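Enquirer: Let me see the structure of the following:
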Amino acid sequence: MALGSDDDFGLPQRIHVPKTSEIVADKIRAQIVRGEIGEGDSLPPEGQLMETLGISRPTLREAFRILEAEGLISVVRGSRTGAKVHKPSVDLVSRYAGYVLESQGTTIADLYQARLAIEPSVVRWLATDKGRGAIGDLRALLAQMGRLLDADNHEAFIEKVETFHQALVAATGLKTITFLSRMLLNLAGKHQVEFQKRYPRSREQRQKSHRAGLKSYIKVVDLIEAGNVEEAVAHWRLHLTNANATWTSEGEGVRVVDSLGS
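Expert: Prediction:
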């Protein structure tokens with residue numbers, strides 16, 4: 001059998017042996033992901049880790065570079081304390097997902113269609129169970145959004161719109177769909193900020209649009225609470241379709257997702 005070819009079992013002969021720094025990074029990463037080390041905690045000082053793990057300073061620092069690149073720790077050079085720990089974040093994943101989508105030529109219209117595929121199903125799920133106990137929290141959020149409009153604070157209102165969408169999906173209690181939705185909302189939110197810079201509206205136009213949006217959010221919560229499944233789904237699908245038409249107007253729909261903010 002030729003050197004470097006596959007063996008009789010279809011397995012490659014060449015095996016990657018991980019470097020010590022990769023093994024150390026794996027060990028620390030696992031502790032962070034499993035919650036054994038919490039957000040904001042500090043790792044032990046370098047000297048202590050080197051002694052405990054039986055490794056050299058260059059090996060430890062290479063492991064730190066791996067974890068820092070993943071956003072799981074931050075290292076303050078020259079600090080006497082250890083590196084600070086950060087839990088895995090949706091923002092970090094969204095940023096990388098944006099790179100992938102942009103490299104694939106994914107359009108803004110494609111991004112919004114993905115949201116349209118998720119949220120009506122979420123509303124069906126919630127309306128079938130009359131809100132799954134989340135109605136109080138959703139109404140409190142809507143009341144806060146109403147106060148922001150009364151105060152003419154449209155920037156903060158727009159931020160709460162994303163929060164409302166997130167809360168709606170999170171009310172299902174389904175972690176996977178909530179994660180995917182948050183990732184999409186983060187990417188869509190970046191586009192919406194740029195859209196509003198490119199096409200500014202008057203105060204009156206914003207007030208009218210945002211009031212109509214708030215009325216629609218209140219209606220979907222009312223329908224969910226009443227258990228009007230089909231009407232709730234139809235309403236929310238129409239709401240998203242209209243919103244998508246707005247955000248993809250003026251030729252915006254054919255734009256490629258801009259993950260770098262250029």
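Enquirer: residues contacting the residue nearest the centre of the chain?
Expert: What sits nearest the mean C-alpha location of the chain, by Cα atoms, centre = their mean, is M183, with 3.0 Å. Listed by Cβ atoms under 8 Å, 6 or more residues apart in numbering, the contact partners of M183 are V90, V93, S94, A97. Where you see a C-beta, it was placed from the backbone N, CA and C, and this is true even at glycine.
Enquirer: Burial check on R34, number of neighbours?
Expert: Counted with other Cβ atoms under 10 Å, the neighbours of R34 add up to 8.
Enquirer: any idea how far it lies from L53?
Expert: Computed as Cβ to Cβ, to the nearest Å, the R34 to L53 distance reads 18 Å.
Enquirer: what are the phi and psi values for S74?
Expert: Dihedral pair for S74: phi -130, psi 130, per degrees, to the nearest 10.
Enquirer: Next one, pLDDT for it please.
Expert: For S74, the pLDDT comes out at 93.
Enquirer: Pull the contacting residues for it.
Expert: Per Cβ under 8 Å, 6+ apart, neighbours of S74: E68, A83, K84, H86.
Enquirer: Tell me where this protein has helices.
Expert: For the chain, applying DSSP state H gives helices covering 20-33, 46-53, 57-69, 90-103, 108-128, 135-150, 154-170, 175-198, 203-226, 229-247.
Enquirer: Turn these into CSV, including distance to G40 and mean pLDDT.
Expert: Formatted as CSV, the helices of the chain follow (distance: least, Cβ to Cβ, whole Å; pLDDT from 0 to 100):
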stretch, distance to G40, mean pLDDT
helix 20-33, 12, 94
helix 46-53, 18, 92
helix 57-69, 15, 94
helix 90-103, 16, 87
helix 108-128, 32, 95
helix 135-150, 26, 97
helix 154-170, 23, 94
helix 175-198, 21, 91
helix 203-226, 34, 96
helix 229-247, 36, 97
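Enquirer: Can you say which of the ones you listed is nearest to V257?
Expert: When those are compared by Cβ to Cβ, helix 90-103 sits nearest V257, at 4.6 Å.
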